[in-house]
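>>> Next one to model:
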Amino acid sequence: MSKIIVQMKDITVDFGDIKALDKLSLKIQKGEVVGLLGPNGAGKTTAVNVLATLLKPTSGSASVNGFDVEGEGHNVREQIGLAGQYAAVDPTLSGRQNLEMVGRLYHLGRNESKKRAIEILRQITLEDAADKPVRTYSGGMRRRLDLGASLMYTPKVLFLDEPTTGLDPKTRRDMWKAIRDMVGQGVTVLLTTQYLEEADELADRIILIDEGRVIAEGTSNELKRQLRGDVLEIEITDAKNLIHAVKALESSSKFKAKPEVDEALQTIRLAVENGVDDLQAALSVLKTKKVEVVHVNLSQPSLDDVFLELTGKKPEGEEKGDE
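Numbering: from 1, shown residues only. The predicted model follows:
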């Protein structure tokens with residue numbers, strides 16, 4: 001049986017009248033990548049801050065690799081790496097100098113810090129910019145450097161709080177590769193994100209929290225299977241027909257779910273229980289109302305659908321913070 005390396009038990013964090021975490025409990029096994037998902041205000045960053053010894057809980061207990069986050073904070077900090085929502089790097093230094101400085105702070109020594117910096121720069125694909133001032137770096141480059149700094153002293157557990165927020169798709173994929181490389185070296189990862197594609201791509205297991213409590217957990221496929229049936233997507237020719245289509249589907253007794261409308265894409269999403277039969281029924285209803293359909297697709301629920309169903313909120317990919 002795998003070792004439990006991160007554990008929270010009934011953790012509560014109060015900020016005055018606001019309960020950021022409400023008896024939150026979770027366990028992470030050694031070598032796992034766990035995605036911590038939730039809408040704005042769910043408590044994701046608060047949970048990370050407790051585990052990283054940056055925030056004292058109001059009640060409950062938590063440990064990392066067997067060390068208590070309150071009573072043995074020094075030992076906990078020796079086990080972990082942390083990359084927060086905002087890149088914590090010195091803009092006046094070069095990328096190489098930033099990493100070497102972090103190495104010295106970890107007491108790696110001058111030579112070992114230089115050697116490790118070279119390895120990290122290669123891993124995060126910043127070799128070409130290694131000796132340029134960080135103030136000249138793009139946002140994505142700074143995020144990669146911040147991630148690299150958290151790896152200078154190879155941690156047993158790495159906390160990544162919204163590591164790819166605001167990055168372009170290519171840089172995001174570069175970051176994913178760097179994270180996979182770390183996992184290949186045996187690092188356990190707790191990842192907070194609202195990019196559901198990111199959780200699908202990286203996480204062995206997903207913990208969904210809302211209002212400071214766990215509301216669901218499992219693999220991506222296990223969570224998707226909680227939603228019965230399929231999702232029907234219908235693209236309509238124009239905005240006027242879109243309105244007619246929604247009214248037609250809402251008035252039909254064949255469909256229990258309320259149509260979800262994306263006006264920008266002129267698309268209707270509808271949860272259905274009978275697959276192809278419901279697809280044919282929807283097309284028949286729209287044909288009767290003389291609504292022209294451009295494209296139709298029937299698919300299994302996505303992680304986005306799970307998120308919306310369980311929280312009642314859509315994921316927001318540009319979260320600024322959740323305290």
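
>>> contacting residues around stretch 7-21?
22-28, 43, 46-47, 50-51, 55, 57-63, 211-212, 323 (CB atoms under 8 Å, 6 or more residues apart in numbering). C-beta: built from backbone N, CA, C; applies to glycine.

>>> Pull out the buried residues from those.
Among the contacts of stretch 7-21, those classed as buried by 16 or more other CB atoms under 10 Å are 22, 24, 26, 28, 43, 46-47, 50-51, 55, 57, 60, 62-63, 212.

>>> just checking, which of the contacts of stretch 7-21 belong to strands?
D22, K23, L24, S25, L26, K27, I28, S59, G60, S61, A62, S63 (DSSP state E).

>>> how much space between the residue nearest to the third one when sequence neighbours are not counted and A83?
The reference is to L24. Using CB to CB, 6 or more residues apart in numbering and skipping the chain neighbours, the partner closest in space to L24 is I11 (4.7 Å). From I11 across to A83, the span is 21 Å (CB to CB, to the nearest Å).

>>> Repeat that for R104.
Distance, R104 to A83, by CB to CB: 19 Å.

>>> which one of the two has more residues nearby?
A83 (25 against 15; other CB atoms under 10 Å).

>>> Let me know whether the more buried one touches D146 as I believe.
Yes: using CB atoms under 8 Å, A83 makes contact with D146 at a distance of 5.2 Å.

>>> Which residue lies nearest the spatial centre of this structure?
T193 (1.9 Å; CA atoms, centre = their mean).

>>> Now for it: which residues touch it?
Under the criterion of CB under 8 Å, 6+ apart, the neighbours of T193 are G35, L36, L37, E162, P163, T164, A199.

>>> Show me where this structure dips below the pLDDT cut-off.
Across the chain, the ranges flagged by pLDDT under 70 are 1-2, 86-87, 227-229, 301-302, 312-323.

>>> Setting aside sequence neighbours, what's the nearest residue to the residue in it sticking out farthest from the centre?
No residue in the chain sits farther from the centre than T288, which is 43.1 Å out by CA atoms, centre = their mean. Ranked by CB to CB, 6+ apart and with sequence neighbours excluded, the top spatial neighbour of T288 is A248, at 7.6 Å.

>>> The one you found contacts V291, doesn't it?
Yes: counting by CB under 8 Å, A248 touches V291, with 6.4 Å between them.

>>> higher neighbour count, those two?
Applying other CB under 10 Å to A248 and V291 shows that V291 carries more neighbours, namely 22 against 18.

>>> Contacts only, for the residue lying closest to that one once chain neighbours are set aside.
Distance criterion CB to CB, 6+ apart; nearest residue to V291, sequence neighbours excluded, is A245 at 4.6 Å. Counting by CB under 8 Å, 6+ apart, A245 touches I234, I236, I268, L286, K289, V291.

>>> got it, and E32?
Contacts of E32 by CB under 8 Å, 6+ apart are S2, T188, V189, D204, R205.

>>> The same query, at a cut-off of 10 Å, please.
S2, I4, I5, V6, V157, V183, T188, V189, L190, A203, D204, R205 (CB atoms under 10 Å, 6 or more residues apart in numbering).

>>> If you count neighbours, what's buried in the helix or strand the fourth one falls within?
Assigned by DSSP states H and E, V6 belongs to strand 4-15. For strand 4-15, the neighbour count (16+ other CB under 10 Å) marks I5, V6, Q7, M8, I11, V13 as buried.

>>> Distance to P91 added to these, as a markdown table?
Formatted as a markdown table, the buried residues of strand 4-15 follow (distance: CB to CB, whole Å):
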| residue | distance to P91 |
| --- | --- |
| I5 | 34 |
| V6 | 32 |
| Q7 | 37 |
| M8 | 35 |
| I11 | 35 |
| V13 | 32 |
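
>>> Closest one of these to R173?
V6 (26.3 Å; CB to CB).

>>> which residues touch that closest one?
Going by CB under 10 Å, 6+ apart, V6 touches 26-30, 32, 34, 51, 62-65, 69, 79-80, 156-157, 159, 188, 190.

>>> what's in contact with the longest helix belonging to the chain?
When the chain is parsed with DSSP state H, its longest helix is helix 169-184. Here helix 169-184 makes contact (CB under 10 Å, 6+ apart) with 31-33, 81, 83, 120, 123-126, 138-141, 143-144, 147-148, 150-151, 154-155, 158, 160, 163-168, 187-189, 191, 195, 197-198, 201-202, 204.
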